[in-house]
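A.B. asks: return atomic coordinates for the entry below.
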Amino acid sequence: MKSTSGHLTFCTNIYAGENWMAHFGVLKSSFPILKAHLSPDAPMGIGLRLSNLASIELLQDNHLETFKQWLKQEGGYVFTMNGFPYGGFHHTHVKDQVHAPDWTTVERVEYTLRLAEILSQLLPDDLDGGISTSPLSYKPWFKDAEARIDATTNATINIIKVAEGLRQIQIRSGKLIHLDIEPEPDGFLESGPEFIDWYENVLLPAGNDEDLIKNHICLCYDVCHFAIGYEPHTAIIQALLQKGIQIGKIQISAALKAKLPAAVSERSVVLKQLGSFDEPTYLHQVIARKNDGSLIRYPDLKEALAEGENPAVEEWRAHFHVPIFVEDMGLIQSTQSDIMEVLKLQKNNPFTAHLEVETYTWEVLPTALKAPLNDSIIRELAWVKNLL
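C.D. replies: Here you go, the predicted model:
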């Protein structure tokens, strides 16, 4: 949906279906219902997520042309893609494998350029396109500093290869497509300062072509991820803009937040409710804030729960994309106020044209938060639309 604040959509990583025909089948049954409720009189965008397998299949036979005709018929358009998860993303043990293959590999390069080729054929002529992707790799896979430096160097070289490929697509088709790197807790780039430091001191010098890098390599601002790290949204966004680093997309998402009472009995009740979110599919990194303001990082919710009685900790933020229209969930809350802060900045002075709601956890939510999927998508997009 186009608004004065940008193009608003939802990410189709919400749907199971890792091959193209399965994914297309869900789209055909769901999208017309969503559009009828949310944008009956104007075209509606789709944030397309394709697995590696689906991206290969879409370019075979006549599938892409069939999809283009379906979009035209239904009043849909694709302007952004999610290229973070390479393989299966539902009904499987994803956890840290969401980063695999990482940016040190040729497989990640080939997959991303394939997505860019698809997007160049789907993208409306008057829009830029974006592909969000992982923050290079996953820190716990690399146990020493030297190995991490080598991996960062190799990943950066591959990012530049993709930038060069995106420039060739622009020359050939006239379509501007950018790669939107998405910081995440425990990623090689997990915060605003880490991303800026890498961009200025590693990527730009290695690329040796500032225009190439700044046109085609951007940041994906996932609000949930930045909220987990207690990051100051206004300051980070201002710093990025002042440095000429573009924000390609805002992923509108909320994390879990919980104040941990000092009293042991009260704290136990809060921890029990948090424990209901400990499920085996996705990573749920936790960043705990101590009374003195320092932070403790846990790779997953299970490890955090094991140390939940630490009296020095006053608050948890957990990586679990909860419904964005819900702030109060009893004894725990969401970081909905962070979304409101970021979207207020976007509304007052738009810094990207791409707005994508990304709540992909409906299948693994505690029962009390579950609702029919189409109803949930409609409610989330309507909430953002009203806010803007």
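A.B. asks: please count neighbours and contacts with C-alpha atoms only from this point.
C.D. replies: Will do.
A.B. asks: where does Glu303 sit: helix, strand or coil?
C.D. replies: Secondary structure for Glu303, judged by DSSP: H, G, I helix; E, B strand; the rest coil, is helix.
A.B. asks: what about it, how many residues close to it?
C.D. replies: Here the count is done by other C-alpha atoms under 10 Å, and Glu303 has 14 residues near it.
A.B. asks: any idea of the pLDDT on it?
C.D. replies: The confidence metric pLDDT takes the value 97 at Glu303.
A.B. asks: swap in Thr92?
C.D. replies: With respect to pLDDT, Thr92 has a value of 85.
A.B. asks: surely it touches Thr281?
C.D. replies: Yes. Using C-alpha atoms under 8 Å, Thr92 is in contact with Thr281, at 6.3 Å.
A.B. asks: ok, the two, which is more surrounded?
C.D. replies: Using other C-alpha under 10 Å as the criterion, Thr92 and Thr281 rank with Thr281 on top: 16 against 11.
A.B. asks: the more buried one is in what secondary structure piece?
C.D. replies: Following DSSP states H and E, there is no helix or strand that holds Thr281.
A.B. asks: for Val98, see how far away it is.
C.D. replies: 10 Å (C-alpha to C-alpha, to the nearest Å).
A.B. asks: what's the answer for His178, then?
C.D. replies: The gap separating His178 from Val98 is 21 Å, by C-alpha to C-alpha.
A.B. asks: what does Trp70 give?
C.D. replies: Applying C-alpha to C-alpha, the value for Trp70 to Val98 is 30 Å.
A.B. asks: these two: which is more packed in?
C.D. replies: Val98 (20 against 14).
A.B. asks: what about the nearest residue to the more buried one once chain neighbours are set aside, which SS state?
C.D. replies: Closest residue in space to Val98, ignoring its immediate chain neighbours: Pro85 at 5.2 Å, by C-alpha to C-alpha, 6 or more residues apart in numbering. Following three-state DSSP, the label given to Pro85 is coil.
A.B. asks: so Pro85 touches Lys95, yeah?
C.D. replies: No. Using C-alpha under 8 Å, Pro85 is not in contact with Lys95, being 10.8 Å away.
A.B. asks: who's more crowded, those two?
C.D. replies: Ranked by neighbour count (other C-alpha under 10 Å), Pro85 and Lys95 place Pro85 first, with 21 against 14.
A.B. asks: where exactly do the helices run in the stretch 51-200 of the chain?
C.D. replies: 52-58, 63-74, 106-122, 145-173, 192-198 (DSSP state H, counting those that start in this stretch).
A.B. asks: Ser29 sits in which helix or strand?
C.D. replies: Ser29 belongs to helix 20-38, assigned by DSSP H and E.
A.B. asks: helices or strands up against whichever helix or strand comes after that helix?
C.D. replies: Remark: after helix 20-38, the chain's next helix or strand is strand 44-49, criterion DSSP H and E. If you count contacts as 3 or more C-alpha pairs under 8 Å, 6 or more residues apart in numbering; DSSP states H and E, strand 44-49 packs onto strand 6-10, strand 76-82.
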